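1. the sequence isn't on hand, but the structure is:
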């Protein structure tokens, strides 16, 4: 695990080692254990290493024995032992025990066919000295990030956007459409970033660029639904256990201390329960709690940890801590990012790093096995659409001086409006938004609105990201959208930056692409059974857990944001907005922003997510690189 960065200037323009060092210095938090660069002619790259496997032999950049290929690599290859056996049978001779070396031998043997053979999380830069060709590759689900920019005839890349800012002669200007996406979703949708000049390499893709011409981007893996032959529920439960335990076992490869995040929810508890079954020593688990009981799952996490014999550590987060954290969060993400669950993710990562270097996480279970309320709602739209007409009628009742009623009224209006949309993918994007188009339009200045695309926003998003349904079942379509759009851009981005800011590697066994392929074959009726999401996961792990542990509503890894923003966090957010100079962005009308804060403070509506987004935007704006 590490951070990578590089620059292929092309055209014979020299790349200096000092530039490579400067790029790598921006991400020292990703790899405090080791450092290496290569700069030759118009090409250079480097890495910062967090040593996990083969602590002595995994130095990068790493060269092939004949010197043709050189690689830098961020991540872990969990089927490295199997690949090594295959490659040694083909005559390749290893000098280390590092999975990085398998990339060199594998690329020499299979070329770009290597990427689809890897089970892991990775961002790779492979340099072919003979052909003077660079290949960048990113893992199938987008667990590890990879940014790049094409400027001045060359390409620069890195694990975080801040690496690109260290390259001389490059410029970065805010992109209006990305700013609009941010205020809609709380982050920017791939392949774009907040800057016109920078892009994200999509998950499951490889980019190839030679000494001349434009880069070529090719996909080597796609999430596809595959319907398996009929099997009984008991058979599916056994298949799940066997596949999941095997995946978790492979994810335990490490030469450093290892533990797990334990929120108390189904997914993280399933991971810890599986770890407990395949590890000899007790699992070290880490939990963050809150004073607000409706958001606090720490008692359940503690109960699971005791039952599974874990060595458990927990800590509570208070609102004053969250306010102090926001500038550090803004720096970690490099572009505005407004998922408030980044706050507990940051704190649980810091807590875990006090004892371990690697932590397992349950991310991905909800997206693969229908764990969100919106999945059940999508089924209800098809079977009991009249309920949503009732929701729309109730939403027409007048507001009262009771925040809870006003928030419920607002939620009913949202649920009812989403249900009335014509298709699953339109509902996906609408449910996903923290601020619908009408709310944003009231905030925007006319000159900013003129920079955005006209027409129906939801139809445009569907055409760009989800043009064709993948199933006749709307719930399966929604799971597909969650997995290929929201998961990499939001959930995995959140975890990567928050954990790597503390030099902590987080592994997500639910998202090994081999397990994702298995999940895609599971009948939807074993994912969503009535109103019960993750039905198969629950049945598979139920015998491993305390009696009655799964018999409670989903809470999610959330924070009491609405109450925080009505109090001290809101006061801080408003001052950040006022003092940052973000009005100079030209996007928002100051009087409309002030009205939004006043509306939330009064309890007339819950605008906490949007106001949190405004604060994170302001913090980014004040520290962004100037073009």
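-> Received it, and whenever you're ready, just let me know what you need. Bear in mind the structure is a predicted one, so any value in this text is a computation, not a measurement.
2. could I get the phi/psi values of the nearest residue to residue 192 once chain neighbours are set aside?
-> With sequence-adjacent residues excluded and distances taken as Cβ to Cβ, 6 or more residues apart in numbering, residue 192 is closest to residue 178, at 5.2 Å. (C-beta placed from N, C-alpha, C; glycine too.) Per-residue torsions, residue 178: phi -70, psi -40 (degrees, to the nearest 10).
3. residue 178 against residue 191, yeah?
-> No. Contact criterion Cβ atoms under 8 Å: residue 178 and residue 191 do not qualify, at 10.9 Å.
4. between the two, which is the more surrounded one?
-> residue 178 (20 against 15; other Cβ atoms under 10 Å).
5. hang on, the earlier thing: ok, the residue nearest to residue 192 to residue 331 distance?
-> 19 Å (Cβ to Cβ, to the nearest Å).
6. same check on residue 108?
-> Distance from residue 108 to residue 331, by Cβ to Cβ: 39 Å.
7. how about residue 497?
-> Remark: distance between residue 497 and residue 331 (Cβ to Cβ) = 10 Å.
8. now swap in residue 80 and tell me
-> 33 Å.
9. quick one on the thing from earlier: list the contacts for the residue nearest to residue 192?
-> Neighbour list for residue 178: 188, 192-195 [criterion: Cβ atoms under 8 Å, 6 or more residues apart in numbering].
10. just the buried residues from those residues, in PyMOL please.
-> Here is the PyMOL command that selects the buried residues among those (16 or more other Cβ atoms under 10 Å):
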select buried, resi 188+192+193+194+195
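11. from the contacts of residue 178, which is closest to residue 15?
-> Ranked by distance to residue 15 (Cβ to Cβ), the contacts of residue 178 are led by residue 195 at 21.7 Å.
12. now do the contacts for the closest one.
-> 161, 172-175, 178, 335.
13. among these, who's most crowded?
-> residue 335 (25 neighbours).
14. distance of the closest residue to that residue other than its chain neighbours relative to residue 350?
-> Among residues not flanking residue 335 along the chain, residue 194 sits closest, at 3.9 Å (Cβ to Cβ, 6+ apart). Distance, residue 194 to residue 350, using Cβ to Cβ: 26 Å.
15. centroid residue for this protein?
-> residue 492 (1.4 Å; Cα atoms, centre = their mean).
16. need the three-state assignment for it.
-> helix (DSSP: H, G, I helix; E, B strand; the rest coil).
17. how about the contacts made by it?
-> Contacts of residue 492 (Cβ under 8 Å, 6+ apart): 141-143, 363, 508, 511.
18. swap in residue 285?
-> 259-262, 272, 301, 305, 310-313.
19. dihedrals phi and psi, it?
-> The phi/psi pair for residue 285 (degrees, to the nearest 10) is phi -120, psi 150.
20. so which residues of the stretch 351-500 of the chain form helices?
-> Counting by DSSP state H, counting those that start in this stretch, the stretch 351-500 of the chain has helices at residues 365-369, 373-383, 386-395, 403-419, 424-432, 437-443, 446-449, 457-465, 474-481, 492-500.
21. any idea which of these scores lowest on pLDDT?
-> For the helices of the stretch 351-500 of the chain, mean pLDDT drops lowest on helix 386-395, to a mean of 80.
22. that helix packs against which elements?
-> For helix 386-395, the packing partners by 3 or more Cβ pairs under 8 Å, 6 or more residues apart in numbering; DSSP states H and E come out as helix 373-383, helix 403-419.
23. wait, which of these is closest to residue 478?
-> Closest to residue 478 of the helices and strands packed on helix 386-395, according to Cβ to Cβ: helix 373-383, at 5.0 Å.
24. and that closest one, what other elements does it pack with?
-> helix 386-395, helix 403-419, helix 424-432, helix 474-481, strand 528-529.
25. mean neighbour count added to these, as a markdown table?
-> Shown next, in a markdown table, are the helices and strands packed on helix 373-383 (neighbours: other Cβ atoms under 10 Å):
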| stretch | mean neighbour count |
| --- | --- |
| helix 386-395 | 14 |
| helix 403-419 | 17 |
| helix 424-432 | 22 |
| helix 474-481 | 24 |
| strand 528-529 | 20 |
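26. can I get those in TSV including distance to residue 182?
-> Shown next, in TSV, are the helices and strands packed on helix 373-383 (distance: least, Cβ to Cβ, whole Å):
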stretch	distance to residue 182
helix 386-395	27
helix 403-419	20
helix 424-432	13
helix 474-481	19
strand 528-529	31
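27. residue 368 is nearest to which of those?
-> Closest among the helices and strands packed on helix 373-383, once you apply Cβ to Cβ, is helix 474-481, at 6.8 Å.
28. quick one, that closest one and helix 373-383 angle?
-> On the basis of axes from the mean of the first three to the mean of the last three Cα atoms, to 10 degrees, helix 474-481 is oriented at 150 degrees to helix 373-383.
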